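Engineer: I would like to see how this sequence folds:
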Amino acid sequence: MARAPSESCGDTNISHWSFCSPKLFVYILAACVILLILFQIQYLDSPGSPSSSSPSWPLIHSWKAVSQEGPNCRHELLALAEKLSDAVTFLPLKDLRYAQTAQQGHTWFMSSLYDTHVEGEVQYQQYPSAASRGRLLCIKGRDTHDGARNSYALAWRDALPRNATFLTGLTFVSYNHYNYENIWHGLSAMVPFVAWHLRDGQCAVPARWVLYHWGELRIKMGPWVKSLMEVTFGGSMNMEEFGDSGDEGVACFEEAVVMRHNEGGMSRERRLEVYDMMRCKAREYCNVRNEGRGLAMIGLTMLMRTGARSFRNESAVVGIFQRECGKVEGCNLTVAYAHNLTFCQQVKLMSLTDIVVSAHGAQLTNLFLMDKNSSVMEFFPKGWLKLAGVGQYVFHWFASWSGMKHEGVWRDPNGDDCPYPEDDRRCMSIYKNGRIGYNDTFFEEWARNVLMKVKTRKMEEALNKNTTSVLGGCACS
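Structural biologist: Model prediction:
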């Protein structure tokens, strides 16, 4: 009589589907992992799942749910989470392989990651997101001298690097190839975050800012830029120094937005919206009221420089514009040095300005604070046209982006001599900080034409203005 198959684990005739079979254990473990993955996918895709600003359910909750299906899974999944944590790989923030193309493509900053770009919007990275497969951004980045020694990684919320500090709230991470002290370069790096702030009316406000230049941590920015950002976002800027991030300085962010292309990719309409909002916020903060100014008044402001790219004969240049302004009823000339003015003094001055006259330089960043359709007259030293590259046109573009009218430039044909051929790039080191002369005839005619153009525009505005427009509050107020 045939004997029934034994269920003993030690029987060599063990059934293929015995509960002691190694194959069955593997099948059960695989089923547990698949169930976990399906559970997480269903959870992340669920409309009712928590927002990205709230912590996701701890993975252990998922394990408990799965453990009801397979009691032996929990230990294996805990071990798997530890392996995932140990497998987090940090890469240098500044990738020296791209040193020659540092600003091109996906740049040398966080070079392994790509930006998301919606047409007309800024290029950005967001964590966690579908693009990051739900992973958070982690940074080990305290070094202020060598960006290659700072590093970044992506990690699951429940498998963060060992000893990492979890920072709650929204973090803005900025990369600036130049610096945050110069008001033009500083503002250019901040504008994409203002666009993000305005996106879909979310008015998202960061809990902290993380600033990098060439991968090196920065904890300061120019006071003008800082004031503008605090006014725009409605609070002080918390510059992250990673002082509370443990011995290894690893911090993982609950939510992070990374910008590394300045205004790249933004449509003109989007830029106008951003600059309108910052102008409105700055005027509101500085209590600027222009109701009593009248459309018949024309404000002509000369924003002067000292040293590099200043006028060699400042009094002669001022005299030319003063004479032409005096010929136009209602014209008022103001000569000012931006570096001697507080933030609010600059905001108030530019709110009274219809024409700004200035040499090429960071002080022209103030131009967006004028009323829209105001005019810009720009001056250059000798040698810039051939050697300065596209950077010489930034304020021409900026005027368009912020709704102003760029009325052209004057380029001094005279200046310091260069010992090399004049198209040799080494000459730019001489021309860059050259001083600017003047041309009586050209300046008089140019000033006269721009003044007449502005006067005509303001008269047309007065005729078309039936009632005093009452503006609502600023965006995100």
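
Engineer: Settle this for me: Asp412 is touching His360, isn't it.
Structural biologist: No: counting by CB atoms under 8 Å, His360 is not a contact partner of Asp412; they are 11.2 Å apart. (Each C-beta comes from the backbone N, C-alpha and C, glycine too.)

Engineer: Now for the two: what residues contact both?
Structural biologist: By CB atoms under 8 Å, 6 or more residues apart in numbering, Asp412 and His360 have these common neighbours: 379-380.

Engineer: give me the element Tyr275 is part of.
Structural biologist: Tyr275 is part of helix 268-285 when elements are defined by DSSP states H and E.

Engineer: Val194 too?
Structural biologist: Here Val194 sits within helix 183-198, counting by DSSP H and E.

Engineer: so where's this structure shaky on pLDDT?
Structural biologist: The chain contains residues with pLDDT under 70 at 1-72, 106, 246-247, 291-293, 466-472.

Engineer: what do you get if the cut-off is 50, keeping everything else the same?
Structural biologist: For the chain, the stretches flagged by pLDDT under 50 are 1-20, 41-58, 60, 63, 67, 466-470.

Engineer: can you give me the helices for it?
Structural biologist: 22-45, 59-67, 73-86, 183-198, 223-233, 268-285, 314-326, 343-351, 384-387, 394-401, 428-431, 440-464 (DSSP state H).

Engineer: Using JSON lines, please lay out the ones you listed together with distance to Tyr420.
Structural biologist: Formatted as JSON lines, those follow (distance: least, CB to CB, whole Å):
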{"stretch": "helix 22-45", "distance to Tyr420": "61"}
{"stretch": "helix 59-67", "distance to Tyr420": "65"}
{"stretch": "helix 73-86", "distance to Tyr420": "57"}
{"stretch": "helix 183-198", "distance to Tyr420": "28"}
{"stretch": "helix 223-233", "distance to Tyr420": "36"}
{"stretch": "helix 268-285", "distance to Tyr420": "39"}
{"stretch": "helix 314-326", "distance to Tyr420": "30"}
{"stretch": "helix 343-351", "distance to Tyr420": "39"}
{"stretch": "helix 384-387", "distance to Tyr420": "11"}
{"stretch": "helix 394-401", "distance to Tyr420": "26"}
{"stretch": "helix 428-431", "distance to Tyr420": "9"}
{"stretch": "helix 440-464", "distance to Tyr420": "29"}
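
Engineer: would JSON lines of the ones you listed with mean neighbour count and distance to Glu422 be doable?
Structural biologist: Below are these laid out as JSON lines (neighbours: other CB atoms under 10 Å; distance: least, CB to CB, whole Å):
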{"stretch": "helix 22-45", "mean neighbour count": "13", "distance to Glu422": "61"}
{"stretch": "helix 59-67", "mean neighbour count": "16", "distance to Glu422": "66"}
{"stretch": "helix 73-86", "mean neighbour count": "14", "distance to Glu422": "60"}
{"stretch": "helix 183-198", "mean neighbour count": "23", "distance to Glu422": "27"}
{"stretch": "helix 223-233", "mean neighbour count": "21", "distance to Glu422": "35"}
{"stretch": "helix 268-285", "mean neighbour count": "19", "distance to Glu422": "35"}
{"stretch": "helix 314-326", "mean neighbour count": "17", "distance to Glu422": "25"}
{"stretch": "helix 343-351", "mean neighbour count": "20", "distance to Glu422": "36"}
{"stretch": "helix 384-387", "mean neighbour count": "16", "distance to Glu422": "7"}
{"stretch": "helix 394-401", "mean neighbour count": "18", "distance to Glu422": "23"}
{"stretch": "helix 428-431", "mean neighbour count": "16", "distance to Glu422": "9"}
{"stretch": "helix 440-464", "mean neighbour count": "15", "distance to Glu422": "22"}
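
Engineer: wait, which of those helices is closest to Ala155?
Structural biologist: helix 73-86 (7.4 Å; CB to CB).

Engineer: and that closest one, what does it pack onto?
Structural biologist: On a contact count with 3 or more CB pairs under 8 Å, 6 or more residues apart in numbering; DSSP states H and E, helix 73-86 meets helix 22-45, helix 59-67.

Engineer: Keeping just the C-alphas, turn it into CSV.
Structural biologist: As requested, C-alpha coordinates have been extracted for helix 73-86 and formatted as CSV (Å, rounded to 0.1, in the frame of the first residue of the first chain):
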residue,chain,number,x,y,z
CYS,A,73,7.6,40.0,5.5
ARG,A,74,8.2,42.8,8.0
HIS,A,75,11.7,41.7,9.1
GLU,A,76,12.8,41.4,5.5
LEU,A,77,11.4,44.8,4.6
LEU,A,78,13.1,46.5,7.5
ALA,A,79,16.3,45.1,6.3
LEU,A,80,15.5,46.3,2.8
ALA,A,81,14.9,49.8,4.1
GLU,A,82,18.3,49.8,5.9
LYS,A,83,20.0,48.7,2.7
LEU,A,84,18.2,51.5,0.8
SER,A,85,19.5,53.9,3.4
ASP,A,86,23.0,52.6,3.1
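
Engineer: Number the residues from 199 up from this point.
Structural biologist: Will do, 199 is the new start, and the previous item becomes helix 271-284.

Engineer: And that helix, how far out from the chain middle?
Structural biologist: Taking CA atoms, centre = their mean, to the nearest Å, one finds helix 271-284 lying 38 Å from the centre of the chain it belongs to.

Engineer: thought Ala660 was touching Lys653?
Structural biologist: No: the criterion here is CB under 8 Å, and Ala660 misses it with Lys653 at 10.6 Å.

Engineer: Just the residues contacting the helix holding Tyr473, thanks.
Structural biologist: Here helix 466-483 makes contact (CB under 8 Å, 6+ apart) with 318-320, 389, 392-393, 396, 426, 429-430, 461, 464, 486, 541-542, 545, 549, 566-567, 570, 598-601, 669, 671-675.

Engineer: Give me the distance between Arg481 and Leu567.
Structural biologist: As judged by CB to CB, to the nearest Å, Arg481 and Leu567 stand 8 Å apart.

Engineer: overlap in contacts of those two?
Structural biologist: Taking CB under 8 Å, 6+ apart as the contact criterion, the common neighbours of Arg481 and Leu567 are 545, 549.

Engineer: right, and Lys570 touches Trp599 too?
Structural biologist: No: with contact defined as CB under 8 Å, Lys570 does not count as touching Trp599 (11.4 Å).

Engineer: Hey, what's the angle from the helix holding Tyr473 to helix 592-599? Just curious.
Structural biologist: 90 degrees (axes from the mean of the first three to the mean of the last three CA atoms, to 10 degrees).

Engineer: So which of the helices of the chain is nearest Lys338?
Structural biologist: Closest approach to Lys338 among the helices of the chain (CB to CB): helix 271-284, 14.6 Å.

Engineer: neighbours of Leu673, just the number please.
Structural biologist: Rather than Leu, residue 673 is Ala. Under the neighbour criterion other CB atoms under 10 Å, Ala673 is assigned a count of 18.

Engineer: Revised request: answer the last question for Arg503.
Structural biologist: Arg503: 22 surrounding residues under other CB under 10 Å.
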